[in-house]
Structure formats: C-alpha cells, structure tokens
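Chemist: Build me a structure from this.
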Amino acid sequence: MSSTGLGGRAVIVTGAASGIGRAAALAFAQEGAKVLVADLDRDGAEQVVAAVGAQGGTARAVIGDLGDQRVVDQVVATAVEEFGGLDVLVNNAGVMDRFSAAADTDDAEWERVLRVNLTAPFMLTRAVLPHMLAAGRGEIVFTASEAALRGSAAGTAYTASKHGVVGLVKSLAVMYRDQGIRANAIAPGGTATGIRVDARPGAHGPAVIGAHATSMGRIATAEEQAAAIVFLASDAAGNVNGVILPVDNGWSAV
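Modeler: Residues are numbered from 1 along each chain as shown. All right, here's what the predicted structure looks like:
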C-alpha cells in the first residue's frame, strides 16, 4: 500500500499530455489516484489516459484552452462528476517566452505568456477552491521555475509570470491554511521536456541569458520533477505550505 495517502484521491493535472505533466499524471496514477488529464493536445492527452488505463488506473481527459472560463468549468465539473470529488490540483501547464529583454518584448509575447502561465492557473485555482473548502481539505501544487527565483533564467515575460506564480502560492497558503488547504510549488531547473525556446537570433535577451546557462548543472528528467510534485501533494508533506521547492541540482544555490 502506498504511503503517500493519495490512493483513491481525485487529481487534476494541467499540461498533462507531455513533459512534467505527463510524468506527474502517471506518477499519481501509480499511487492509486484518479487523474483528470487537461491539455490542448488531444492525441497526447488520450495517450496518457490510455497509459493510465493500461496500468490499471483511472483517468479522463478534457481538451481545451484553460484561459477560457468554459474549459476551466468543464475540467472541474468532469473531475467532480467522474471521480466524486476533487482533492488535488496540479497547475503545471505553461509556455516559454522568447528570452526577450523588456525592450524587445511585444504585447503579444507578454500577454500570451502571462495568460497561460499565471492567469489560467489562477482561474482554475479559483474554480476548485469552493470544492476543496466544502471538503475541508485540498492540495494545490504549481510548477513555477528557476525563473521564479532569479532574473537570469528566462526572458522578461516568463520571469514575471513565474514570479507571479510564487506570489499566488504564498497568498493561497496564508489565506486558506486554517481551512485545510495547502499550496506549494516546485521550481524546476533545466529539465528534459519538449518545450522549446523560439529566441530571436542576435537579440539582447538570449545573449545575456546564455551567459548564465553554464551554472545550470545536470538536466533533470521529467520524472524527477513529477516525484517532487507528488511529494508536495502527499500526506508526507502535510505540514508543508507556501513553499517553493527548487528541483534544480543546486542551481539556485550558485
């Protein structure tokens, strides 16, 4: 029997069709949790659902843009209706910027990155809170970033979005700690996923960021990041609240 206490719990994982989200969805299923796979990528999401089913677990997929309130409502309603409740939310979905410095960041880049990385997780968190408050407990885990801890890991938009995630985590921890809800985040360093940076050649931002890349150290696997997410959602972390946990092989210590 799993010692995490996650068996039978209902978990939403966003960005679960690939990378850290996929690894997290599979890891929760291995602990006996029921998993709602939320992503824009239909094929990838359905493959994760099939993989969970093949190992004897329970998973459902909801496809759509989490910046759309209707999709957010569908994700929450599906989890509650299919699983009988809602215990854990993993706000993992995100996009990278172009490593643009502030002077080179146009409105489209800024608005897209902030919308996906900060506004959408806020909207989903707001939607799950009534269910968690009614139950008297809930765990919310965010994927922040090394860029949430420093200014030298990404461009202006991504860095600002992930600093915003840290503020959201800490606000949630303070506001709801007496009502049984915990909010934490991992801060991944370099991780082997499918995310790509479409940097503009010769731009100021990529040149500056590239000078700091040598401090990154070993690249993590998605499964290592997922293990930290599962820990933060588990009973083993029952008194851990408002924490930003670097999973970066010591990069944040450099």
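
Chemist: what's the closest non-adjacent residue to residue 28?
Modeler: Distances taken as Cβ to Cβ, 6 or more residues apart in numbering put residue 11 closest to residue 28, at 4.8 Å, once the chain neighbours are dropped. (C-beta placed from N, C-alpha, C; glycine too.)

Chemist: So that neighbour belongs to a helix, correct?
Modeler: No: per DSSP: H, G, I helix; E, B strand; the rest coil, residue 11 lies outside any helix segment and is strand.

Chemist: Quick check: the gap between it and residue 215.
Modeler: 34 Å (Cβ to Cβ, to the nearest Å).

Chemist: Then residue 76?
Modeler: Using Cβ to Cβ, residue 76 is found at 40 Å from residue 215.

Chemist: Please apply the same query to residue 145.
Modeler: Taken as Cβ to Cβ, the span from residue 145 to residue 215 is 15 Å.

Chemist: The two: which has the busier surroundings?
Modeler: Remark: of residue 145 and residue 215, residue 145 carries more neighbours, 29 against 17, as counted by other Cβ atoms under 10 Å.

Chemist: tell me which element the residue lying closest to that one once chain neighbours are set aside falls in.
Modeler: Nearest residue to residue 145, sequence neighbours excluded (Cβ to Cβ, 6+ apart): residue 162, at 4.3 Å. Following DSSP states H and E, one finds residue 162 within helix 156-176.

Chemist: which of the residues in that helix are buried?
Modeler: 156-166, 168-170, 172-173, 176 (16 or more other Cβ atoms under 10 Å).

Chemist: where in the protein is pLDDT low?
Modeler: Along the chain, the parts satisfying pLDDT under 70 run over 1-2, 194-197, 199, 211-214.

Chemist: Count residues in the vicinity of residue 9, would you?
Modeler: The burial count for residue 9: 21, using other Cβ under 10 Å.

Chemist: Same check on residue 202?
Modeler: 7.

Chemist: repeat for residue 136
Modeler: Neighbourhood size, residue 136 [other Cβ under 10 Å]: 9.

Chemist: Contact partners for the closest residue in space to it that isn't next to it in sequence?
Modeler: With sequence-adjacent residues excluded and distances taken as Cβ to Cβ, 6+ apart, residue 136 is closest to residue 180, at 4.6 Å. Residue 180 sits next to 132, 135, 136, 137, 138 when contact means Cβ atoms under 8 Å, 6 or more residues apart in numbering.
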